[in-house]
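# With the input below, show me the fold.
(one chain, ligands or ions: 1)
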Amino acid sequence: MTPIDLSNIPLADNHCHGIFQSQTPGDLITWRRLFTESFDPAMQSTHVATTLFYRRLIREMAAFFECEPTEEAVLSMRKKHDDQLLISKYLRAANIDALFVDKGYPALEMLLSDATVTRLANCRVASMLRVELLMQRLITENTTLSAVVEALRSALNDVRGQGYVALKSIVAYRTGLNIGIWDMDDVEDAFTVARREVQERGSLRLALKPLLDTLLHVTFAEAARQELPVQFHTGYGDTDADMLLANPLYLRAVLERRDYRAMPVVLLHECYPYTQQGAYLATVYENVYLDLSYGIPYLGYHEMLEFTRVALSVAPFSKLLYSSDAVGVPEIHWISALNGRSILGQVLGECVGHGDLSSTGAEEAGVAVLHDNAMRLYRY
Ligand SMILES: [Zn+2]
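Have a look, this model is predicted:
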């Protein structure tokens, strides 16, 4: 079947992270570590180099640099480039119109400024606010629960006015997507534990379910009032996340709330491996969108074709959004752009072959998923 050619469509990468100022990875293991979600030493040093993703990356980099397709050759070519030139070459080759960046990770001091990324990549940069970091800061700054709730409401009073186009939650990594309603006694108890952690350590990693769930409900009410999208990490991630509780079906209680229906919900990472469930939610709830991430999770080509087939077969294409989830090095933004375009083009070609779409309809779907849906959803 003939693939649809999407190679000239500029991308709206609806979920990614900042790019490191320093692109010198140091030793080989520091470089390899960028391409696994595992914290285990042998995964980072050895096994990662035998994933299909990693092998494909090395081969694509060799084609890009016109050198031998070996790890040694591509890393030596990489080192010969000035950091900013390297970033510029990759990002311009990716043809990106807009990057939607989660400002909560990695730490901003390590990253290029938005203005620099704009200059190097010739693209726009939109910011997204990670709500758990805001909550943690407010808990360290306030001594009572009611003061934290009030401070959170006021911090989220006008999110677009502060320059953000969306919120992002990593509750799946902390306590799971089964966000509930709690007795105030449980919430107060959790707040006491949180404050003790602040006093002992000077900082807080918020993973107390009654407290986090309660503050998320405050957040959702604000997001709904402002019709502001909220991105949720779902599915595949590092081992902080309990994959069972990262199943998007756990969001049912939130999605069923009529008073939250004005809050668009973006399920990140194609909910992998729960893509069918995520696509189902995007089919039955008008405010649910499914992100198709071609960088992270780090997958072989075949599995990326599969999740793309599932998403397109189940959900309306007006609900699907391209992303890379790239972090730190421009290679991930770039390879995700190459692969995302060609995979989506191949699957849309199959849809034409099977009679699901006309070729005009397939082109319309390609532009929508790669660019237009995100621009409309984030009002950017
Ligand atoms: Zn991310």
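# pull the longest helix from this structure.
Criterion DSSP state H: the longest helix present in the chain is helix 330-353.
# Which elements pack onto that helix?
strand 11-16, helix 52-65, helix 83-94, strand 96-102, strand 288-293, helix 301-314, strand 320-323, helix 359-367 (3 or more C-beta pairs under 8 Å, 6 or more residues apart in numbering; DSSP states H and E). The way it works is simple: take the backbone N, C-alpha and C, and place the C-beta from them, glycine included.
# who wins for proximity to residue 211 among the ones you listed?
With C-beta to C-beta as the criterion, residue 211 lies closest to strand 96-102 of the helices and strands packed on helix 330-353, at 22.2 Å.
# Helix or strand next in line after that closest one, which one?
Using DSSP states H and E, the helix or strand that follows strand 96-102 in sequence is helix 114-121.
# The helix or strand following that next one versus strand 96-102: what angle between them?
With elements assigned by DSSP H and E, the helix or strand that comes after helix 114-121 is strand 124-130. In terms of direction (axes from the mean of the first three to the mean of the last three C-alpha atoms, to 10 degrees), strand 124-130 departs from strand 96-102 by 20 degrees.
# Strand 124-130 to strand 11-16, inter-axis angle?
Using the same axes, to 10 degrees, strand 124-130 lies at 20 degrees relative to strand 11-16.
# For strand 124-130, name the packing helices and strands.
strand 96-102, helix 114-121, strand 164-169.
# list the helices and strands the first one packs on?
Based on contacts counted as 3+ C-beta pairs under 8 Å, 6+ apart, the elements that strand 96-102 packs against are strand 11-16, helix 114-121, strand 124-130, strand 164-169, helix 330-353, helix 373-377.
# Let me have the helices and strands packed on strand 124-130 in a markdown table, extended by distance to residue 249 and mean neighbour count.
Shown next, in a markdown table, are the helices and strands packed on strand 124-130 (distance: least, C-beta to C-beta, whole Å; neighbours: other C-beta atoms under 10 Å):
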| stretch | distance to residue 249 | mean neighbour count |
| --- | --- | --- |
| strand 96-102 | 24 | 23 |
| helix 114-121 | 36 | 17 |
| strand 164-169 | 16 | 24 |
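# Show the average pLDDT along stretch 36-51.
The average pLDDT within stretch 36-51 is 94.
# now swap in stretch 331-343 and tell me
98.
# Check stretch 281-299 too.
Rounded mean pLDDT across stretch 281-299 is 97.
# Alpha carbons of it, as CSV, please.
Taking Å, rounded to 0.1, in the frame of the first residue of the first chain, the C-alpha atoms of stretch 281-299 are listed here in CSV:
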residue,chain,number,x,y,z
LEU,A,281,-11.6,7.1,26.4
ALA,A,282,-10.8,9.5,23.6
THR,A,283,-13.8,8.0,21.7
VAL,A,284,-16.4,8.3,24.5
TYR,A,285,-15.4,11.5,26.3
GLU,A,286,-15.5,14.7,24.3
ASN,A,287,-12.7,16.2,26.4
VAL,A,288,-10.2,13.4,26.2
TYR,A,289,-7.3,13.5,23.7
LEU,A,290,-4.6,10.8,23.1
ASP,A,291,-1.0,11.8,22.6
LEU,A,292,1.1,9.6,20.2
SER,A,293,4.7,9.8,21.4
TYR,A,294,7.3,8.5,19.0
GLY,A,295,10.4,9.2,21.1
ILE,A,296,9.6,7.9,24.5
PRO,A,297,8.6,5.1,25.1
TYR,A,298,11.7,3.8,23.3
LEU,A,299,10.2,1.3,21.0
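# Show me the shaky parts of this structure.
In the predicted model of the chain, residues 25 satisfy pLDDT under 70.
# let's go with 90 and repeat that
1, 24-27, 237-242 (pLDDT under 90).
# picking that back up, now render the helices and strands packed on strand 96-102 as a markdown table, adding distance to residue 220.
Output for those, formatted as a markdown table (distance: least, C-beta to C-beta, whole Å):
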| stretch | distance to residue 220 |
| --- | --- |
| strand 11-16 | 19 |
| helix 114-121 | 27 |
| strand 124-130 | 14 |
| strand 164-169 | 9 |
| helix 330-353 | 29 |
| helix 373-377 | 17 |
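# Pick the most buried one from those.
strand 11-16 (a mean of 28; mean count of other C-beta atoms under 10 Å).
# tell me the secondary structure for residue 266?
strand (DSSP: H, G, I helix; E, B strand; the rest coil).
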